[in-house]
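1. Fold the following for me, if possible:
(2 chains)
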There are 2 protein chains.
Amino acid sequence: MALTILGCHSATPRLNAFPTSQYLEINNRHFLIDCGEGTQRQMRKYKVGFSKINHIFISHLHGDHFYGLVGLLATFGILNREKELHIYGPKGIKEVTLLQLKISQSHAKYTMIFHELTSKKSELIFEDDKVSVRTIPLTHRVYTNGYLFTEKEKSRKLNMLNISGYPEIDKADYLNIKAGRDVVLPSGEVVPNAALTLNPPKPLSFAFCSDTSYKPDIVPIIKNVDLLYHEATFLQDREDLAKKTRHSTTKQAAEIAKQANVKELIIGHYSGRYKDISLFKKEAQEIFENTNLAEPGKTFKV
Amino acid sequence: MALTILGCHSATPRLNAFPTSQYLEINNRHFLIDCGEGTQRQMRKYKVGFSKINHIFISHLHGDHFYGLVGLLATFGILNREKELHIYGPKGIKEVTLLQLKISQSHAKYTMIFHELTSKKSELIFEDDKVSVRTIPLTHRVYTNGYLFTEKEKSRKLNMLNISGYPEIDKADYLNIKAGRDVVLPSGEVVPNAALTLNPPKPLSFAFCSDTSYKPDIVPIIKNVDLLYHEATFLQDREDLAKKTRHSTTKQAAEIAKQANVKELIIGHYSGRYKDISLFKKEAQEIFENTNLAEPGKTFKV
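-> The predicted structure follows:
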């Protein structure tokens, strides 16, 4: 699993500040999460393959999280994309996006499938044989969801040391063995699967939470994730402003990470008022040690 | 008069290619022309004062000319702009812009005044005591206008050498003299204005023409301008593609400049297919010598 930060600043794009967007590779699936203005340029800068992305998740319809979407969709058209594209986001995203594409006469060969979200409860919105995605209802000034990406249970690993003790077992049997089946030898002897396999690696998970007030009731949803991105727009000194604008502080983000027992916390969405971003890490680490800072181009691998 | 190129490439934003946007300072007025995705970041990069801009002119509603508009308008709101802002562009620009601002809940204190254009004839769309702006009807795949910016006649210049010969003339008279009035001395003698003033500098003009097929019938509108920006998407080798996509080639842009007897031609809107942009200049100069290339950050002063 690898998460690449394309943009991690709040409000407006500035010379060295890029609005929210992240690129997640998980179990051979490729997802784009949020799409502020300039995201397509950031994707080119950090060599994100445009054609790999089949699913885009938008947390909410503030400009710094979706103004770059229409340009990216138009570019997919110019690049002659033909694969269908799924777009998940709050109700309204379809109308505003299609109106822009229509008025700019951006004709695309590919099909866009909009999945408009309205539920205030966590729901499963995507699932295939590799990954599932659930919403994480957040509290912001507008309807907002985070997203929880979880790998599916992987197949069992072959225990090659033990298997080599059975020359009768053919490579052609490996898929069945990985799927958990016992093996019947030509002699009629049954070799139990447990003797031939090891437990699969634990499925990995990533939770994306932006933007939101401090909201401890998300903790059960994101419990034990490997990687948590949680916005921290303000340092603790402006907890008042965080409350007013329905954002979080460093310590609030770290508190969520601690309560949810996550392995690693990434914070971002820094307010433009702060010049020294390192203070964000310092403050969060007072509560949750394994905190790191989102930075454009930085990749977090698990 | 100074024209700063913010972006000058066609189609999609790329790492070193920015869609069309220009910033014009003319007779102490400040205009933004076209606004592709990322324009606000380019404005910051090249230190264009956000608060100076009161008028934005959009040539047409293809994404590479207006996808950056909504983000800029939202940023004006975040910056607490209060001055009204005038936006000129094809019919439809108001609906699509206001829907985006509404859905992203971008509340602004300032008033946006949309001037939607539909005429296929050149019309006067802005005029004050310093500058007038006319449309230049172009031919593209969608309804498109160029814009002609012209300084108003300036007041006459004081001929200080001659004025100093009349000690009776007070500084308080200078405004009247610049306005062209004669002076009556205390003695009753009338000093004709021509003896006290010099002709004013010739009003300057800039014509912005993007995107368009080769369209010689714009020549009378842009005749003798000091500066002409004319798109040249293709080199002459792809005249066929220019015709098909309703763009111009280097030589067609240069031909327009020559016929219109302009002082300087700037070309841009280069297709991404060309790696060596210098070829554009070389080709255009075969027809019109004083041709220069648009480049991000480059300022043309007249």
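
2. Check residue A:6 and give its pLDDT.
-> If you check residue A:6, the pLDDT there is 98.

3. what does residue A:102 give?
-> Residue A:102 is assigned 95 on the pLDDT scale.

4. Which of the helices or strands spans it?
-> For residue A:102, the host element (DSSP states H and E) is helix A:93-103.

5. Could you check that helix and say which residues are buried?
-> The neighbour-count check on helix A:93-103 (16 or more other Cβ atoms under 10 Å in any protein chain shown) flags A:93-94, A:96-97, A:99-101, A:103 as buried. (Glycine included, C-beta is placed from N, CA and C.)

6. Could you tell me which ones among the residues you listed also sit near chain B?
-> Near chain B, judged by Cβ under 8 Å from any Cβ of the partner chain, the entries from these are A:93, A:96, A:99-100, A:103.

7. Redo the residues you listed as TSV? Include distance to residue B:218.
-> Formatted as TSV, those follow (distance: Cβ to Cβ, whole Å):
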residue	distance to residue B:218
A:93	40
A:96	35
A:99	31
A:100	29
A:103	25
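
8. Now flag whichever of these is closest to residue A:75.
-> Nearest to residue A:75 among those is residue A:100, at 13.1 Å by Cβ to Cβ.

9. so the closest one sits right up against residue B:95, yeah?
-> No: counting by Cβ atoms under 8 Å, residue A:100 does not reach residue B:95; the two are 10.4 Å apart.

10. domains of chain A?
-> For chain A, automatic domain parsing gives the domain ranges A:2-154+A:201-301, A:157-198.

11. which one of those domains has the most crowded surroundings?
-> domain A:2-154+A:201-301 (a mean of 20; mean count of other Cβ atoms under 10 Å in any protein chain shown).

12. And that domain, end to end?
-> 4 Å (Cα to Cα, to the nearest Å).

13. The ones next to chain B among the buried residues of helix A:93-103: which two are farthest apart?
-> Most distant of those, by Cβ to Cβ, are A:93 and A:103, 16.3 Å apart.

14. show me the residues around the spatially closest residue to residue A:299 that is not a sequence neighbour that make contact.
-> The spatial neighbour of residue A:299 that comes closest, neighbours along the chain excluded (Cβ to Cβ, 6 or more residues apart in numbering or on different chains), is residue A:4 at 4.6 Å. The contact partners of residue A:4, by Cβ atoms under 8 Å, 6 or more residues apart in numbering or on different chains, come to A:22-25, A:46, A:48, A:297-300.

15. wait, isn't residue A:158 in contact with residue A:174?
-> Yes: in this structure residue A:158 lies within contact range of residue A:174 using Cβ under 8 Å: 6.1 Å.

16. Touching, residue A:245 and residue A:233? I think so.
-> Yes: here residue A:245 lies in contact with residue A:233, judged by Cβ under 8 Å, at a distance of 7.4 Å.

17. Next up, the contacts around the residue located most distally from the centre of chain A.
-> The C-alpha centroid of chain A is most remote from residue A:187, which lies 49.5 Å away (Cα atoms, centre = their mean). Contacts for residue A:187 (Cβ under 8 Å, 6+ apart) come out as residue A:168.

18. what kind of secondary structure is it in?
-> coil (DSSP: H, G, I helix; E, B strand; the rest coil).

19. Distance-wise, check it relative to chain B.
-> To chain B, residue A:187 is 64 Å away according to Cβ to the nearest Cβ, to the nearest Å.

20. got it, and residue A:27?
-> 29 Å.

21. and that residue, what is it in contact with?
-> Counting by Cβ under 8 Å, 6+ apart, residue A:27 has contacts A:1, A:130-131, A:151-152, A:154, A:204.

22. Throw the residues you listed into a markdown table and include secondary structure, thanks.
-> Listed next are the contacts of residue A:27 as a markdown table, based on three-state DSSP:
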| residue | secondary structure |
| --- | --- |
| A:1 | coil |
| A:130 | coil |
| A:131 | strand |
| A:151 | strand |
| A:152 | coil |
| A:154 | coil |
| A:204 | coil |
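
23. ok, those vs chain B, which is closest?
-> residue A:1 (26.4 Å; Cβ to the nearest Cβ).

24. Confirm that the residue nearest to residue A:299 sits in a strand.
-> Yes: per three-state DSSP, residue A:4 lies within a strand segment.

25. And it, how far from chain B?
-> Separation of residue A:4 from chain B (Cβ to the nearest Cβ): 16 Å.

26. what mean pLDDT does stretch A:247-262 have?
-> On average, the pLDDT along stretch A:247-262 is 98.

27. same thing with stretch A:13-27?
-> The pLDDT scores in stretch A:13-27 average 94.

28. And it, end to end?
-> By Cα to Cα, the extent of stretch A:13-27 from end to end equals 32 Å.

29. Identify the residues contacting the residue of the stretch 151-300 of chain A found nearest chain B.
-> Closest residue of the stretch 151-300 of chain A to chain B, Cβ to the nearest Cβ: residue A:272 (9.4 Å). Taking Cβ under 8 Å, 6+ apart as the criterion, residue A:272 is in contact with A:9-12, A:14, A:17.

30. any idea whether it is helix, strand or coil?
-> Following three-state DSSP, we place residue A:272 in the coil state.

31. how near is it to residue B:215?
-> 44 Å (Cβ to Cβ, to the nearest Å).

32. Ok, residue A:255 next?
-> Distance of residue A:255 to residue B:215, given as Cβ to Cβ: 63 Å.

33. and whichever residue of the stretch 101-250 of chain A sits closest to chain B, what is it in contact with?
-> Nearest residue of the stretch 101-250 of chain A to chain B: residue A:104, at 4.5 Å (Cβ to the nearest Cβ). When contacts are counted by Cβ under 8 Å, 6+ apart, residue A:104 touches A:70, A:74, B:61-63, B:66-67.

34. closest to residue A:170 among the residues you listed?
-> Distances from residue A:170 to the contacts of residue A:104, taken by Cβ to Cβ, are shortest for residue A:74, at 52.1 Å.

35. How about the secondary structure of that closest one?
-> Per three-state DSSP, residue A:74 ends up helix.

36. show me the contacts for it.
-> The contact partners of residue A:74, by Cβ under 8 Å, 6+ apart, come to A:101, A:104, A:106, A:108, B:12, B:63, B:67.

37. What is the most widely separated pair among those residues?
-> Within the contacts of residue A:74, two members stand farthest from each other by Cβ to Cβ: A:108 and B:67, at 15.0 Å.

38. Touching, residue A:218 and residue A:138? I think so.
-> Yes: with contacts counted by Cβ under 8 Å, residue A:218 reaches residue A:138, the gap being 7.1 Å.

39. shared neighbours of these two, anything?
-> By the contact definition Cβ under 8 Å, 6+ apart, residue A:218 and residue A:138 are jointly contacted by A:146, A:209, A:212.

40. For the first one, name its beta-bridge partners.
-> For residue A:146, the residues forming beta bridges with it (DSSP bridges) are residue A:136.
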